[in-house]
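A.B. asks: Here is a sequence together with a model predicted from it:
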Amino acid sequence: MEHQQPLPKPLEILVQRAGRVFLRLGVNVKRLYELGYWRWRTFREKGLSPFTSGIFTDVLGVDRSIYIGKRVIDIGCGPRGSLEWLDDSELRVGIDPLMHDYIQLGITGHEACYVACNAEQLPFANESFDVVTSINSLDHVDDLSLTLDEIARILTSGGHFIFLVEVHPKATLSEPVTIPWNLTTQLSHHFRVVSEYHFEEAKHRPGSAAAARASVPFDHSNTKNRSGTLLATLERL
């Protein structure tokens, strides 16, 4: 299952350092990439994203009831109202380091609470949430290990961590960490696996959500170095 080799750690570190060099020069590559993407989505779709409820239920493979009456936080939520559909939760919070930039894209009219922060240092007490979601954001953080420790810290025992993420063989300036296929195994000290799926990329449409909708199992016997998608629901021990 480990035939798809991620970028060697020294090279991954080099990519991350390059990003920091650009940052010192006043060029935040990740910020430019993210804002460009979300501006395009806002222009194309207008208003709130019409797809979020389906992504958080059908695509993630969970029933809507898992969120009802719960304290829910979405990591790397973006500006498109990822939790606006969830009006019967106890609490809905979106966090994103670019939240101040998203004000110009209309988030001030949303019902969810938004917090501008990095996933590596979440400003919440232990066991503050019942459900943590992450839709294609784990590969955008700067430190995956710290991020996952923080998610485990803020999640109550018996709560759920539900994530969808692209598994790329190489890091980039906008996606500075590579996600391993055995990520859930590495998290076994914090979580129990409820469900886990590995998908091939969708043929005619890029992105993790498209891959999950197509639901073509990733062929780990094929040694070609290529991207895929990892979808998992974990329960906090």
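C.D. replies: Done, it's in. Quick caveat, the model's predicted, so the values are computed rather than measured. Residues are numbered from 1 along each chain as shown.
A.B. asks: any idea which helix or strand comes after the top strand by length along the chain?
C.D. replies: Taking DSSP state E as the criterion, the chain has its longest strand at strand 155-167. Downstream of strand 155-167, the next assigned helix or strand under DSSP states H and E is helix 183-186.
A.B. asks: Could you list every helix and strand that that next one packs against?
C.D. replies: In this structure, helix 183-186 packs against strand 191-200, strand 228-236, with contacts taken as 3 or more Cβ pairs under 8 Å, 6 or more residues apart in numbering; DSSP states H and E. All C-beta spots, glycine's among them, are computed from the backbone N, C-alpha and C.
A.B. asks: Could you identify which of those strands is most buried?
C.D. replies: strand 228-236 (a mean of 22; mean count of other Cβ atoms under 10 Å).
A.B. asks: ranges for the strands of the protein?
C.D. replies: 71-75, 91-95, 113-115, 129-135, 155-167, 191-200, 228-236.
A.B. asks: what does the model give the residue nearest in space to the middle of the chain for pLDDT?
C.D. replies: For the chain, Ser137 is the residue whose C-alpha lies nearest the centre (Cα atoms, centre = their mean; 2.7 Å). What the model reports as pLDDT for Ser137 is 94.
A.B. asks: Next up, the contacts around the nearest residue to it once chain neighbours are set aside.
C.D. replies: Nearest residue to Ser137 in three dimensions, chain neighbours excluded: Gly76, at 2.8 Å (Cβ to Cβ, 6 or more residues apart in numbering). Gly76 is in contact with 95-96, 119, 134-138, 140-141, counting by Cβ atoms under 8 Å, 6 or more residues apart in numbering.
A.B. asks: Relative to Val131, how far out is Gly76?
C.D. replies: 15 Å (Cβ to Cβ, to the nearest Å).
A.B. asks: ok, now Phe56?
C.D. replies: Distance, Phe56 to Val131, using Cβ to Cβ: 10 Å.
A.B. asks: Quick check: neighbours shared by these two?
C.D. replies: Common neighbours of Phe56 and Val131 (Cβ under 8 Å, 6+ apart) are Tyr67.
A.B. asks: hmm, back to that, okay if I get the strands of the chain as CSV plus distance to Pro123?
C.D. replies: Converted to CSV, the strands of the chain look like this (distance: least, Cβ to Cβ, whole Å):
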stretch, distance to Pro123
strand 71-75, 11
strand 91-95, 9
strand 113-115, 7
strand 129-135, 13
strand 155-167, 15
strand 191-200, 22
strand 228-236, 19
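A.B. asks: Now for Ser89: which residues touch it?
C.D. replies: Ser89 neighbours (Cβ under 8 Å, 6+ apart): 67-72, 83.
A.B. asks: Is Ile75 bridged to anything, and to what?
C.D. replies: Ile95, Ser134 (DSSP bridges).
A.B. asks: doesn't Ser174 make contact with the residue nearest to the centre of the chain?
C.D. replies: No: here Ser137 does not reach Ser174: they are 11.7 Å apart, not a contact under Cβ atoms under 8 Å.
A.B. asks: isn't Asp101 right next to Leu32, touching?
C.D. replies: No: look at Asp101 against Leu32 with Cβ under 8 Å: they stay out of range, at 10.4 Å.
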